[in-house]
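Novice: Fold the following for me, if possible:
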Amino acid sequence: MSYFSRFILILLVLLSANGYSQSYQIALLKYNGGGDWYANPTALPNLVRFCNKNLGTNISEEIATVGANDIDLFNYPFIHMTGHGNVVFSPEEAENLRNYMIGGGFLHIDDNYGMDPFIRIEIMKVFPNNKFVELPPSHPIFDQKYKFSKGLPKIHKHDGKRAQAFGILHEGRLVCLYTYETDLGDGWEDAPVHGDSPEKRAEALQMGANIIQYVFTEHH
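Specialist: Here you go, the predicted model:
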């Protein structure tokens, strides 16, 4: 069975008429270049618990780790990527990521501060003919269970710029979301880690839940 056939079969099972009744797992992307891909270790488990409680999803609280060139990439319909520094994709990794996304997978990149100049270059290796486009507040990802009429919420100050959501579209389908100048992952972490207010943590988790809901409903 080809990677694509295997992946589509997995998705058909996960996204069956039973809705969220099937259990599935999401993964953290491990990459080369020296950047701390492992940042925010409590973020995804907290987001999963929030989604299971508030969306009725059935996501495993055990977060997988997968490399950009791993065959196992195709086992996970949602991949999260974060960090502060350098990112490098080899030609083989770029091709594997591209095949993953055009085959139905979804990549969420959350800049944990300092990742921006590197990820923009590396994503051009993955999609040389597709540029990041800013998603307007009217995009359906901001209008799931939680409503964000002004678009992506601002969680951390960083450089004081406005929060922006960028996407890569393939044949009209959003296959990659890049959240910039917000740091959703810090807001997902355990409360004492960054000292965010309950309101900011709620915003971050709700936006994260919207991403999950969009990926597993409207995305496919």
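Novice: and residue 36, how many neighbours does it have?
Specialist: 14 (other Cβ atoms under 10 Å). (C-beta placed from N, C-alpha, C; glycine too.)
Novice: give me every residue that touches it.
Specialist: 83-85, 112 (Cβ atoms under 8 Å, 6 or more residues apart in numbering).
Novice: among those residues, which ones are buried?
Specialist: Buried members of the contacts of residue 36, scored by 16 or more other Cβ atoms under 10 Å, are 83, 85, 112.
Novice: how about JSON lines for those residues, with secondary structure added?
Specialist: Formatted as JSON lines, the buried ones among the contacts of residue 36 follow (DSSP: H, G, I helix; E, B strand; the rest coil):
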{"residue": "83", "secondary structure": "strand"}
{"residue": "85", "secondary structure": "coil"}
{"residue": "112", "secondary structure": "coil"}
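Novice: with the residues you listed in mind, which one is nearest to residue 188?
Specialist: Distance to residue 188 across the buried ones among the contacts of residue 36 (Cβ to Cβ) is lowest for residue 112, with 11.2 Å.
Novice: Roughly how far does the closest one sit from residue 28?
Specialist: 12 Å (Cβ to Cβ, to the nearest Å).
Novice: shared neighbours of the two, which are they?
Specialist: Counting by Cβ under 8 Å, 6+ apart, the residues touching both residue 112 and residue 28 are residue 82.
Novice: Can you list the low-confidence ranges for this protein?
Specialist: 1-22, 219-220 (pLDDT under 70).
Novice: Would you map the strands across it?
Specialist: 27-30, 64-67, 78-83, 106-111, 133-134, 164-170, 173-180 (DSSP state E).
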